[in-house]
Each structure stands twice: as C-alpha cells, then as structure tokens.
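K.L.:
sequence unknown, structure follows:
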C-alpha cells in the first residue's frame, strides 16, 4: 500500500484549478482541524497532503506545455485564487479531443489543431506515471472522450472518478467492465459542497417528510464560466438535465412536473453561480404553500473538496482490492450514482466504508 495517492486529471479547468489550489492551501492542516468542504482531514489512512498530481491532460494551447502551477491561471479559467501554487514539475499534456470541445467552444477553449499537435496515449501516460486515480473534469457533453479516458483506466488498472454527467459508474455495461477488472469507479456528476442540487434535494425531501403534497418545482441556474458557455447548446446538456432531475425527483415517490438545469450564460459574473429554486405544493386542507430561494456561490471551489474525498475513497478501495462501482461513495458524492440513497443514510455508509465495515 502506497503512502501517497498519485492523481491524474483530464481537463484543467476551474474545478481542477480549485482542487490543485486546495491541496496546497490545506497541505499542513492538523488531522483534528476543521476544513470546509471535506469529510475528514484524514480520510482513512490518507491526509489531504497525500494526494499528488502526476499528470494532466488538456486541449488548450494556452495550457499545454506549461507547468500546472502556471497553467491553472490561463484563460478561460476564472475561478477565485485562494492559494499560491509553486512549480510542481508536472507539464500539461495534449489529451484527446473527441467530443470534448463543442464547435461553439473551440475559440473559448483555445483548442489545439490536431493536424499540428498529436494527443498523447493516455493509458501509456497513466502507466508511466504510476497513476492511482484519474479524475474526469472534461466539459459537460463529452460522452466519447469520457469513455476513452475510462477505457484507458481499465487498460492499466487505474481507478476512475467521473466528475461529469457522462454515465460510467451508473451505466450497467461500463460498471460491469470495472467490476470484471476489479478496478474501483465512482460517479457520475460530482455534487457540490452546498450547491443547487443538494439544496434542492433537501428541500424536496423535507417537504415530503413533513407531509406536503408537491405540485411542481424548478431549479434555474446561471453562471459565467466556460461550463455554462459550453451548455448554451441544449444538446450538450442532455445528460446533465437527467442527472440533476433524477437527483431531485428520487426524493419523492410520485411524479411532479419539474424543470431543472442550466438556464443561461452570463459571462460578466465569472465563476459565480446563481440558482433560483421554486417549490409549490399543498399542506393540510389543500392550502397552498410555496418556497422561493436564491443561492449564490463560487462554482468551482464548491466541488473541489468533495472530489478530494472521492479520490481518497477510491485509493482506499484499491488498497483493499475492491473493484466496480462504489455505491456508498457514489450515492453521497455524486448526482447520478448507480443507486440513489438518501443523503443522511449515504453519509453513514461512507463512514462505514472508511472504517472497513462495508466494501461498497
């Protein structure tokens, strides 16, 4: 069992920048300290500082060839800077493009010309760097590219943390591939520390538990980062709507009219995400009740700490020889897991997983 966790990242956008900053920001915290956004400073045998970035794959000409400490600040990244990152000696590599760059995003992403730049062999890099876990931070809608990275993990025995709504852990065919190879996978579509989906889930669950008959609900999100620019085209966010909608509607045993997902791209608000929630229903005597709520948060750091916990959980699974989808971890940390479990129950299952009391 290795004392550190060797991590590769596909997509060096705002989420990756926040994660890399966080590893530096919290590297010296005591095991007993409270760190916002993670379950434990020491998650099982692993401290935050035990995570080491060893490879990064990108398509941007502004980032490829640069040390990650420099590349995380390149446009179009716009997340908040909360930590200085020293030179790491990890150079950003050209990853496969596939469907990772929508036609309307080529300019924003500064995508390389495949006739000039050749993508690296992902599996070869993962093997050479002795990667333990690959994080998928590709843009929403990158179905083919995600599968290519997932297959590379299968080829060289690397755990896969799928941060986007391209279904791998929750897809029976792909989850079986990881089970057959005895390689752990967690996903799909990372939850934020306190984001629109988790807040919506809790409101809907609370209303149902308190006997409210819900009539309708919606969640409208706007943002100014490239995630929202990418999702301007409806075809890019089909699985995103499915992921976010099922995460909410799974909290109630009957159908409710819903509209959930990204609504607009507002470039001048940068990495800020603004969410508007609406819930309408009836209480005793059929009397009307409605909830209207606004949430504003810096989008990318909101999920970075969550992914740090996911990576450490996957390494624990590898240490214990556990393969296939991690049900407890996926249910608590992701919007579209193989099995939806109430958050209050899922967090207890994760704690049991850490202690070794359960294997999934």
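P.N.:
Yep, that arrived. Because the structure is a prediction, the values reported are computed rather than measured. Numbering: from 1, shown residues only.
K.L.:
contacts and neighbour counts: CA atoms only from here.
P.N.:
Noted.
K.L.:
Give me the buried stretch members for stretch 100-107, please.
P.N.:
Taking 16 or more other CA atoms under 10 Å as the neighbour-count basis, stretch 100-107 is seen to contain the buried residues 100-102.
K.L.:
Can you list which of those are found in strands?
P.N.:
Within those, no residue falls in strands by DSSP state E.
K.L.:
Quickly list what the residue nearest to residue 325 when sequence neighbours are not counted is bridged to.
P.N.:
Closest residue in space to residue 325, ignoring its immediate chain neighbours: residue 185 at 4.8 Å, by CA to CA, 6 or more residues apart in numbering. Beta bridges link residue 185 to residue 160, residue 325, judged by DSSP bridges.
K.L.:
Residue 185 touches residue 178, doesn't it?
P.N.:
Yes - with contact defined as CA atoms under 8 Å, residue 185 and residue 178 form a contacting pair (6.8 Å).
K.L.:
can you give me the helices in the protein?
P.N.:
In chain order, the chain shows helices spanning 14-25, 68-71, 106-109, 122-128, 143-156, 172-180, 196-209, 226-230, 238-249, 301-319, 327-333, 343-355, with DSSP state H as the criterion.
K.L.:
Relative to residue 37, which of the ones you listed is closest?
P.N.:
The minimum distance between residue 37 and those falls on helix 301-319, with 5.0 Å, by CA to CA.
K.L.:
how close does the residue nearest to residue 325 sit to residue 334?
P.N.:
Remark: distance between residue 185 and residue 334 (CA to CA, to the nearest Å) = 12 Å.
K.L.:
More neighbours: which of these two?
P.N.:
Here residue 185 and residue 334 are compared on neighbour count by other CA atoms under 10 Å; more neighbours surround residue 185, at 36 against 28.
K.L.:
ok now do the more buried one, which residues does it touch?
P.N.:
By CA atoms under 8 Å, 6 or more residues apart in numbering, residue 185 lies in contact with 159-162, 169, 175, 178, 314, 323-326.
K.L.:
and these, which are buried?
P.N.:
Judged by neighbour count, with 16+ other CA under 10 Å as the criterion, the buried members of those are 159-162, 169, 175, 178, 314, 323-326.
K.L.:
Quick check: of those residues, which lies closest to residue 20?
P.N.:
Each of those was checked against residue 20 using CA to CA; the closest is residue 161, at 15.7 Å.
K.L.:
what about stretch 243-262, start to end distance?
P.N.:
In stretch 243-262, first residue to last residue: 12 Å (CA to CA).
K.L.:
can you tell me the average pLDDT over it?
P.N.:
pLDDT averaged over stretch 243-262 equals 95, rounded to a whole number.
K.L.:
For it, give me every contacting residue.
P.N.:
Surrounding stretch 243-262, the residues in contact under the criterion CA under 8 Å, 6+ apart are 165, 189, 197, 200-201, 204-205, 208, 214-222, 228, 231, 240-241, 335-336, 340, 342.
K.L.:
returning to that earlier point: next, show the common contact partners of residue 185 and residue 178.
P.N.:
For the pair residue 185 and residue 178, residues contacting each of them under the criterion CA under 8 Å, 6+ apart are 323-325.
K.L.:
export the helices of the chain to CSV and tack on distance to residue 42?
P.N.:
Rendered in CSV, the data for the helices of the chain read as follows (distance: least, CA to CA, whole Å):
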stretch, distance to residue 42
helix 14-25, 13
helix 68-71, 25
helix 106-109, 36
helix 122-128, 26
helix 143-156, 26
helix 172-180, 27
helix 196-209, 24
helix 226-230, 31
helix 238-249, 28
helix 301-319, 9
helix 327-333, 16
helix 343-355, 10
